[in-house]
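**Q** Show me the folded form of this:
(one chain, ligands or ions: 1)
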Amino acid sequence: MDAIDAFQDHYPDNVAHCYGCGSQNPHGHQIKTVWDGDETVTRFTPEPYHTSVPGYAYGGLIASLIDCHSTGTAAAAMYRQAGRDMDSLPAFRFVTGSLHVDFLKPTPLAGELVIRGRVKEIKGRKVVVETTVSAGDVTTARGEVVAVQMPENFG
Ligand SMILES: CCCCCCCCCCCCCC(=O)SCCNC(=O)CCNC(=O)[C@H](O)C(C)(C)COP(=O)(O)OP(=O)(O)OC[C@H]1O[C@@H](n2cnc3c(N)ncnc32)[C@H](O)[C@@H]1OP(=O)(O)O
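**A** Next comes the predicted model:
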């Protein structure tokens with residue numbers, strides 16, 4: 001695949017170890033998210049070991065894709081609203097305050113999933129993101145994430 005300039009490529013190395021989105025985690029999903037107009041999109045192809053019921057994807061995988069797609073979307077939306085480049089300082093880094101997932105249909109383990117996000121609200125340090133997961137033309141899951149700007153004293 002050609003190199004893409006994904007949101008996650010702008011996370012500094014010291015916060016790039018997240019299992020879902022960190023480029024520095026060799027065991028993780030290493031998702032890559034980009035703008036598509038006012039929406040954001042991540043493309044991810046599950047592996048056979050992501051199985052729940054044979055032939056279908058594990059719900060925890062779906063939830064983690066929605067989670068990290070949405071926190072990345074939150075960060076990118078804040079930079080876009082401020083008219084700032086994603087490498088500029090001070091950094092907007094988001095963690096998950098709340099993750100809600102509705103599993104609408106079984107998600108097949110056969111090919112690429114398309115994860116799409118839309119910003120529902122930006123208020124102060126909080127961004128609410130609605131995200132869907134689709135296999136072909138079937139939407140198999142829908143999520144809502146409340147992403148909150150990471151406090152200085154996180155932990
Ligand atoms: C993995 C970590 C590395 C980080 C790297 C970063 C870059 C990579 C990204 C990787 C990330 C990958 C993803 C991961 O895996 S991130 C890992 C999983 N998440 C966490 O560990 C987060 C743990 N929680 C906290 O640190 C705090 O509770 C946070 C920071 C979330 C909020 O505590 P804080 O004291 O700072 O916030 P506030 O009270 O001033 O509230 C502010 C606003 O937010 C609203 N709100 C708050 N909580 C909730 C909730 N549960 N539901 C609904 N809304 C909530 C609140 O109502 C208010 O809105 P409003 O009332 O004004 O409208």
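**Q** OK, contacts around the residue lying farthest from the centre of the chain?
**A** Relative to the centre of the chain, the most outlying C-alpha is that of Pro54, 25.0 Å out, by Cα atoms, centre = their mean. Contacts for Pro54 (Cβ atoms under 8 Å, 6 or more residues apart in numbering) come out as none. C-beta here means a position set from N, CA and C on the backbone, and glycine is covered the same way.
**Q** Average pLDDT for stretch 134-144, rounded please.
**A** On average, the pLDDT along stretch 134-144 is 98.
**Q** then that stretch to CSV, C-alphas only?
**A** Extracted in CSV, the C-alpha atoms of stretch 134-144 (Å, rounded to 0.1, in the frame of the first residue of the first chain):
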residue,chain,number,x,y,z
SER,A,134,-19.2,-1.7,7.3
ALA,A,135,-18.5,-4.9,5.5
GLY,A,136,-19.3,-4.4,1.8
ASP,A,137,-22.5,-2.5,1.8
VAL,A,138,-23.7,-3.8,5.1
THR,A,139,-23.3,-1.7,8.3
THR,A,140,-22.5,-4.2,11.0
ALA,A,141,-21.8,-2.0,14.0
ARG,A,142,-22.4,1.6,15.1
GLY,A,143,-20.7,3.3,18.0
GLU,A,144,-20.5,6.5,19.9
